[in-house]
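Peer 1: pasting the sequence and the predicted model now:
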Amino acid sequence: MSRIFVTGMGIISAIGENVAANRWSLKQGVCGITTLGLFPSKYSGVLPCGEIKLDTQSLREKLKAREPGMTRTSLLARHAFEEAVQDAEMTTAMISAPDTALVSATTVGGMCLTDELYHDAHRESNGSVYLSSYDCGSVAIDLQKHFRLSGLINTINTACSSSANAIMYGARLIKHGKARRAIVGGVDSLSKFTLNGFNALHILSHEICQPFDRDRKGLNLGEAAAFLVLEKEEDITNRKVYSELTGYGNANDSYHPSSLSDEGEGPYLSMKEALAMAKLEPGDIGFVNAHGTGTENNDASESQAMIRLFGKPPAFASTKSNTGHTLGAAGAVEAVYATLNLLYQEAYASLHFEVAIEGTALEPIQDYTSMPIRHIMSNSFGFGGNCSSLIFSKA
């Protein structure tokens with residue numbers, strides 16, 4: 001089967017509005033987790049979040065988006081999508097070709113405007129401009145219309161593993177001849193819907209998150225969009241490549257609707273499957289971009305899974321300490337970061353760590369480090385135990 005390479009990347013997050021800005025922030029150890037400032041919420045000043053400091057109206061103007069009912073989620077997606085296809089030097093004809101697939105992922109999507117839709121339902125007799133945005137596929141539909149895509153299009157929602165699964169699905173479409181190239185990624189924006197929902201689960205921290213720390217208190221929500229362009233080796237001529245997608249795995253430990261099993265069965269199986277596909281041994285992995293949410297359950301479970309698989313795990317870190325947990329965008333955001341790790345042979349620090357978890361004693365790297373990395377694993381674990389692991393290799 002064809003080898004699959006990353007030929008383009010685009011991203012916007014709390015630490016930067018493009019790939020170069022994100023890399024600079026990661027190298028400098030910038031934390032984009034701050035108090036809320038762009039939409040009214042009773043949690044402003046209470047719950048830190050990875051908020052993109054670019055308001056929705058400015059995004060509209062920057063992207064020349066004039067469609068009614070346009071959500072912040074779709075605007076962020078357009079922004080990252082546009083950078084990715086330009087970076088991959090895709091022509092308009094390539095983007096709209098029937099053999100170009102789009103696999104978009106999101107957890108909340110257009111539901112970020114639930115309040116607006118609710119208010120319109122009480123005021124408007126002719127419906128609401130936000131009604132069509134409420135569909136889980138609204139982001140993909142907007143990208144399809146705006147960029148005139150005509151190939152296979154799909155939306156994946158498996159909570160926090162959504163865009164990792166979008167990357168896997170896009171690669172499979174290429175490998176099985178269903179697409180020549182795939183634009184894959186995900187997006188989620190901050191919203192009252194998300195903040196209220198996660199707060200009800202009692203897993204949001206009132207302090208900046210501390211992934212893998214003994215005294216971690218929970219996660220911080222973030223917002224982001226990231227897309228990557230995947231192409232098979234035969235179609236890449238005289239163009240740059242960033243990394244090779246060599247392995248991926250998905251498993252489910254079926255333990256609890258919002259928690260992983262204590263022994264990390266799902267994470268262990270997804271990592272093991274990704275290694276098998278890549279034909280690699282655990283010792284071949286030079287760095288792990290951990291899921292690392294900062295919650296009591298995830299970090300303990302992921303730690304146990306890494307110990308089961310690696311014995312002594314390789315260097316690892318969680319970039320959610322920079323961006324917050326970006327939900328459906330997280331897998332794609334961290335796939336971009338993993339590719340940067342390989343491209344520049346560097347690892348980014350896990351911020352705010354102080355004391356290792358008792359019983360595992362694992363410590364993420366705490367400083368920016370230049371290091372040789374041939375293969376990197378990136379983990380994304382979602383609600384319901386949906387666990388996905390990707391392996392990227394140096395091109």
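Peer 2: Now that the structure is in, tell me what you want to look at. Numbers count the residues shown, from 1 in each chain.
Peer 1: tell me where the stretch 101-250 of the chain has helices.
Peer 2: Secondary structure of the stretch 101-250 of the chain (DSSP state H, counting those that start in this stretch): helices located at 114-123, 138-147, 162-175, 192-200.
Peer 1: and those helices as JSON lines, adding mean pLDDT and distance to residue 14?
Peer 2: (Glycine included, C-beta is placed from N, CA and C.) Formatted as JSON lines, the helices of the stretch 101-250 of the chain follow (pLDDT from 0 to 100; distance: least, CB to CB, whole Å):
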{"stretch": "helix 114-123", "mean pLDDT": "61", "distance to residue 14": "22"}
{"stretch": "helix 138-147", "mean pLDDT": "95", "distance to residue 14": "19"}
{"stretch": "helix 162-175", "mean pLDDT": "97", "distance to residue 14": "17"}
{"stretch": "helix 192-200", "mean pLDDT": "86", "distance to residue 14": "14"}
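Peer 1: the residue minimising distance to the centre of the chain in helix, strand or coil?
Peer 2: By CA atoms, centre = their mean, the mean C-alpha position of the chain lies nearest to residue 330, the distance being 2.0 Å. Using DSSP: H, G, I helix; E, B strand; the rest coil, the structure places residue 330 in helix.
Peer 1: give me the nearest residue to residue 30, chain neighbours excluded.
Peer 2: Distances taken as CB to CB, 6 or more residues apart in numbering put residue 15 closest to residue 30, at 5.3 Å, once the chain neighbours are dropped.
Peer 1: just the strands in the stretch 101-250 of the chain please.
Peer 2: For the stretch 101-250 of the chain, applying DSSP state E, counting those that start in this stretch gives strands covering 153-156, 181-188, 224-232, 243-252.
Peer 1: C-alpha coordinates for whichever helix or strand comes after the last one, CSV please?
Peer 2: Think strand 243-252. For strand 243-252, the following helix or strand on the C-terminal side (DSSP states H and E) is helix 265-278. Taking Å, rounded to 0.1, in the frame of the first residue of the first chain, the C-alpha atoms of helix 265-278 are listed here in CSV:
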residue,chain,number,x,y,z
GLU,A,265,-6.6,-0.8,28.6
GLY,A,266,-7.9,1.4,25.8
PRO,A,267,-4.8,3.6,25.6
TYR,A,268,-2.6,0.6,25.8
LEU,A,269,-4.3,-1.2,23.0
SER,A,270,-4.5,1.9,20.7
MET,A,271,-0.7,2.5,21.2
LYS,A,272,0.1,-1.2,20.7
GLU,A,273,-2.0,-1.3,17.5
ALA,A,274,-0.3,1.8,16.1
LEU,A,275,3.1,0.3,16.7
ALA,A,276,2.1,-2.9,15.0
MET,A,277,0.9,-1.1,11.9
ALA,A,278,4.1,1.0,11.7
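Peer 1: list the buried residues of stretch 360-373.
Peer 2: For stretch 360-373, burial by neighbour count (16 or more other CB atoms under 10 Å) applies to 360, 362-365, 373.
Peer 1: can you check stretch 304-321 too?
Peer 2: Quick answer for stretch 304-321 (16+ other CB under 10 Å): 304-310, 313-321.
Peer 1: which of the residues you listed lies closest to residue 278?
Peer 2: residue 309 (13.4 Å; CB to CB).
Peer 1: residues contacting the closest one?
Peer 2: Residue 309 is in contact with 268, 271-272, 275, 282, counting by CB atoms under 8 Å, 6 or more residues apart in numbering.
Peer 1: check it and give its pLDDT.
Peer 2: pLDDT, residue 309: 98.
Peer 1: how about it, secondary structure?
Peer 2: Once three-state DSSP is applied, residue 309 turns out helix.
Peer 1: that one and residue 251, how far apart?
Peer 2: Going from residue 309 to residue 251 by CB to CB, to the nearest Å gives 12 Å.
Peer 1: same question for residue 49.
Peer 2: Separation of residue 49 from residue 251 (CB to CB) stands at 30 Å.
Peer 1: more neighbours, these two?
Peer 2: More crowded of residue 49 and residue 251, by other CB atoms under 10 Å: residue 49, with 26 against 21.
Peer 1: hmm, the more buried one is touching residue 38, no?
Peer 2: No. If you go by CB atoms under 8 Å, residue 49 and residue 38 don't touch, sitting 9.9 Å apart.
Peer 1: so residue 226 bridges to which residues?
Peer 2: Note on residue 226: beta-bridge partners by DSSP bridges are residue 11, residue 186.
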